[in-house]
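Student: Here's my sequence, what's the structure:
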Amino acid sequence: MSNVNKKLRMKSVLALLAVTLLAGCAQQRDVTGGIPDDYRTNHPIVISEKEQVADIPVGHGDTKLSITQRSIVDRAAANYRANGSGVIHILIPDGSPNERAAARLRGDIAATLRRHGVKPFNISSERYRAGPEESAPIRLSFSAMTASTNTCGQWPKDLLETAENRHYANFGCASQNNFAAQLANPADLLGPRATSPIDAERRIVVIDDYRNAPTPEPITAQEVEY
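Tutor: Residues are numbered from 1 along each chain as shown. Okay, the predicted model is just below:
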């Protein structure tokens with residue numbers, strides 16, 4: 001075979017190889033479209049003002065708040081002072097077997113709220129209709145800044161439809177709801193808090209402890225016998 005034929009054959013092989021590589025690139029799928037969506041985008045946490053309700057169980061013979069009942073009022077008052085606004089309503093059951101006991105606890109609840117710094121004009125006492133056979137609770141209701149996300153349990157598509165390699169619609173919803181419920185101050189999601197003033201005396205103590213700390217003994221290599 002002549003050199004000319006060898007060169008022509010080599011060029012044909014190279015051309016065929018180039019066409020094959022281009023065809024492979026043309027058939028390659030776009031992997032960027034297969035990356036799952038961010039669950040934080042599908043279930044965003046929203047800061048909004050919503051009603052907060054705290055139920056206080058009431059026994060028939062209660063005359064004053066117990067330790068458990070008072071702790072519920074304390075937590076509600078702390079939440080109101082941190083995130084609440086407007087009036088905090090003390091809702092007393094009407095028509096239930098324990099309505100008289102609930103009415104007796106109303107003054108104690110209002111006094112506890114005032115001790116937590118709630119202004120008297122921001123405390124309202126009302127009644128709500130309760131069933132005659134249930135031991136209805138006293139409810140504390142107020143509006144507060146709340147972090148929340150959309151409702152979980154949405155299944156618009158079959159889980160087996162995974163051709164696009166995307167996660168299902170309900171993915172991450174429970175985690176987002178738990179995270180929103182654990183926020184002590186929902187405003188932290190809107191921006192950082194202002195720094196508190198420095199404690200100069202404490203800073204001096206820490207620096208002196210660092211300066212006066214004894215110098216550690218140097219670590220020397222020791223032979224270990226087995």
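Student: Which of the helices or strands spans R81?
Tutor: R81 is located in helix 67-83, with elements delineated by DSSP states H and E.
Student: Output that helix in CSV with nothing but the alpha carbons.
Tutor: Presented in CSV, the C-alpha positions along helix 67-83 are these (Å, rounded to 0.1, in the frame of the first residue of the first chain):
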residue,chain,number,x,y,z
ILE,A,67,-47.7,25.4,89.6
THR,A,68,-48.5,23.8,86.2
GLN,A,69,-51.2,26.3,85.4
ARG,A,70,-49.0,29.2,86.4
SER,A,71,-46.2,27.9,84.2
ILE,A,72,-48.5,28.0,81.2
VAL,A,73,-49.4,31.6,81.9
ASP,A,74,-45.7,32.5,82.4
ARG,A,75,-44.7,31.0,79.0
ALA,A,76,-47.6,32.8,77.3
ALA,A,77,-46.7,36.1,78.9
ALA,A,78,-43.0,35.7,77.9
ASN,A,79,-44.1,34.9,74.3
TYR,A,80,-46.4,37.9,74.3
ARG,A,81,-43.6,40.3,75.5
ALA,A,82,-41.1,38.9,73.0
ASN,A,83,-43.3,38.7,69.9
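Student: which element follows that helix toward the C-terminus?
Tutor: With secondary structure assigned by DSSP H and E, helix 67-83 is succeeded by strand 84-94.
Student: Sheet partners, orientation included, of that following strand?
Tutor: strand 123-129 (parallel), strand 138-148 (antiparallel) (DSSP bridges).
Student: between that strand and helix 67-83, what angle do the directions make?
Tutor: 150 degrees (axes from the mean of the first three to the mean of the last three Cα atoms, to 10 degrees).
Student: Go through the strands paired with strand 84-94 and pick out the most buried.
Tutor: Highest mean neighbour count of those: strand 138-148, a mean of 20 (counted as mean count of other Cβ atoms under 10 Å). Every residue, glycine included, has its C-beta placed from N, CA and C.
Student: Dump it to CSV, restricted to CA.
Tutor: Only the C-alpha atoms of strand 138-148 are listed here, as CSV (Å, rounded to 0.1, in the frame of the first residue of the first chain):
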residue,chain,number,x,y,z
ILE,A,138,-59.2,28.8,79.9
ARG,A,139,-57.6,30.2,76.8
LEU,A,140,-55.1,33.0,76.4
SER,A,141,-55.2,34.5,72.9
PHE,A,142,-53.1,37.2,71.4
SER,A,143,-51.5,38.2,68.1
ALA,A,144,-47.8,37.6,67.8
MET,A,145,-45.1,37.6,65.1
THR,A,146,-44.9,33.9,64.0
ALA,A,147,-42.6,31.9,61.7
SER,A,148,-44.5,29.4,59.7
